[in-house]
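>>> 3D model of this:
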Amino acid sequence: MATVVELKGMPALCQLLANTHRIPVGVDHVEVNPYPRPGPIIDRRNGWTTYVVKLNGDAVGFTNGPLK
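Below is the predicted model:
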């Protein structure tokens, strides 16, 4: 996976999203939820559980777990 990024928590995710989308991003703009609901499920491609990352309600990526 060419776009895998290791993050150390929600602040790092917010910083990555702010840099990527060139907008201010705070923790109140970001959701990380099981995917699909009620999920999470194991992704057969990589063996990870799957969570969707949403920025202001729009899906922008996936993680292998919730972030704190």
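>>> any idea how far stretch 20-29 is from the chain center?
Centroid displacement of stretch 20-29 relative to its chain, using C-alpha atoms, centre = their mean, to the nearest Å, is 13 Å.
>>> sorry, wrong one. I was asking about stretch 6-16.
Distance of stretch 6-16 from the chain centroid (C-alpha atoms, centre = their mean) equals 9 Å.
>>> the spatially most central residue of the chain pairs with what?
Residue closest to the average C-alpha location in the chain (C-alpha atoms, centre = their mean): Val53, at 3.3 Å. Counting by DSSP bridges, Val53 is bridged to Val32, Gly61.
>>> show me what contacts it?
Applying C-beta atoms under 8 Å, 6 or more residues apart in numbering to Val53 gives the contacts 13, 17, 30-32, 59-63. Every residue, glycine included, has its C-beta placed from N, CA and C.
>>> do Ile41 as well
Applying C-beta under 8 Å, 6+ apart, the residues near Ile41 are 35, 49-50.
>>> repeat the analysis, applying 10 Å as the threshold.
Counting by C-beta atoms under 10 Å, 6 or more residues apart in numbering, Ile41 makes contact with 34-35, 48-50.
>>> what does Thr20 give?
Residues near Thr20 by C-beta under 10 Å, 6+ apart: 5, 55, 60-61.
>>> ranking by neighbours, what's the top pick from those?
When the contacts of Thr20 are compared by neighbour count (other C-beta atoms under 10 Å), Leu55 ends up highest, at 19 neighbours.
>>> would you mind measuring from it to Arg45?
Look at Leu55 and Arg45: by C-beta to C-beta, to the nearest Å, they are 23 Å apart.
>>> next one: Met10
As judged by C-beta to C-beta, Met10 and Arg45 stand 25 Å apart.
>>> and the two? Which one has more around it.
The neighbour comparison of Met10 against Arg45 (other C-beta under 10 Å) goes to Met10, with 15 against 8.
>>> for the more buried one, give me its contacts.
Taking C-beta under 10 Å, 6+ apart as the criterion, Met10 is in contact with 26-27, 30, 32, 66-68.
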